[in-house]
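Asks: Sequence and predicted structure, then a few things I'm wondering about:
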Amino acid sequence: MAAGPAGPRVLVVDDTEAVRVLIRRVLTGSGYQVDMAGSTREARALRPAGYDVLLIDAHLGGEPGTALIEELRAADPDSARRCLLVTGGLTDRAPAGVACLSKPFQPADLLSAVDAVRSATGHWRSANGDMAGNTAGSGADAGTGRPAAQPAAGQLLASMRG
């Protein structure tokens, strides 16, 4: 699976619109192409198997996010490696082979987790072929090679802590 023309493709599945919007803002500010879904039904309609990374909230209203992960795994056993389960609970409840991001998190934590999933799946090269860790270019966040995260999104995510 290749990164899209606007960067690697990420699907954010979370039932809280404000969280989806903030995550999208952080990721698009760092070169990712982001689509959003508020439920597993919406996520299925977006064909989640076609994404480089899937950020899935552990609790999607009345349905666990792990149900979507298990559906993906049933169709493709390697798909779990592209999933990142976002949870405010215990990370030991994540399906085997699925990375976790614990709430609350900062934008840097989010970007590191998404980069780690991409790295683990071989989706580490950017759309232009550069390695993601390359810090050349103006406006890059020191040490990451990504454009600096938008401060407003970072402030909003930080305010959601707790």
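Replies: Perfect, I can see it now. Numbering: from 1, shown residues only.

Asks: Tell me which helix or strand the closest residue to Val34 other than its chain neighbours sits in.
Replies: For Val34, the nearest residue in space outside its immediate sequence neighbours is Arg24; the separation is 4.4 Å by CB to CB, 6 or more residues apart in numbering. Placement of C-beta: from N, CA and C, glycine included. Using DSSP states H and E, Arg24 sits in helix 17-28.

Asks: Helix or strand next in line after that helix, which one?
Replies: Proceeding N to C from helix 17-28, the next assigned helix or strand is strand 33-37, under DSSP H and E.

Asks: which strands and helices sit next to the next helix or strand along the chain from that following strand?
Replies: Of the helices and strands lying after strand 33-37 in sequence (DSSP H and E), the nearest is helix 40-45. With contacts taken as 3 or more CB pairs under 8 Å, 6 or more residues apart in numbering; DSSP states H and E, helix 40-45 sits against strand 9-13, helix 65-75.

Asks: Including mean pLDDT and distance to Ala120, could the ones you listed go into JSON lines?
Replies: What follows is these, written out as JSON lines (pLDDT from 0 to 100; distance: least, CB to CB, whole Å):
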{"stretch": "strand 9-13", "mean pLDDT": "97", "distance to Ala120": "15"}
{"stretch": "helix 65-75", "mean pLDDT": "92", "distance to Ala120": "15"}
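
Asks: Out of these, which is closest to Gln106?
Replies: Between Gln106 and the helices and strands packed on helix 40-45, the shortest separation by CB to CB is 16.6 Å, and it involves strand 9-13.

Asks: which residues are in contact with the closest one?
Replies: 3, 20, 23-24, 27, 32-40, 42-43, 46, 48, 50-57, 60, 65, 68, 114 (CB atoms under 8 Å, 6 or more residues apart in numbering).

Asks: go again using 6 Å as the cut-off
Replies: By CB atoms under 6 Å, 6 or more residues apart in numbering, the residues outside strand 9-13 that reach it are 20, 23, 27, 32-37, 43, 48, 51-56.

Asks: and what of stretch 95-104?
Replies: For stretch 95-104, contacts defined as CB under 6 Å, 6+ apart pick out 66, 69, 80, 83-88, 91, 94, 113, 117, 161.

Asks: rewinding a little: give the buried residues for the helix holding Arg24.
Replies: Taking 16 or more other CB atoms under 10 Å as the neighbour-count basis, helix 17-28 is seen to contain the buried residues 19-28.
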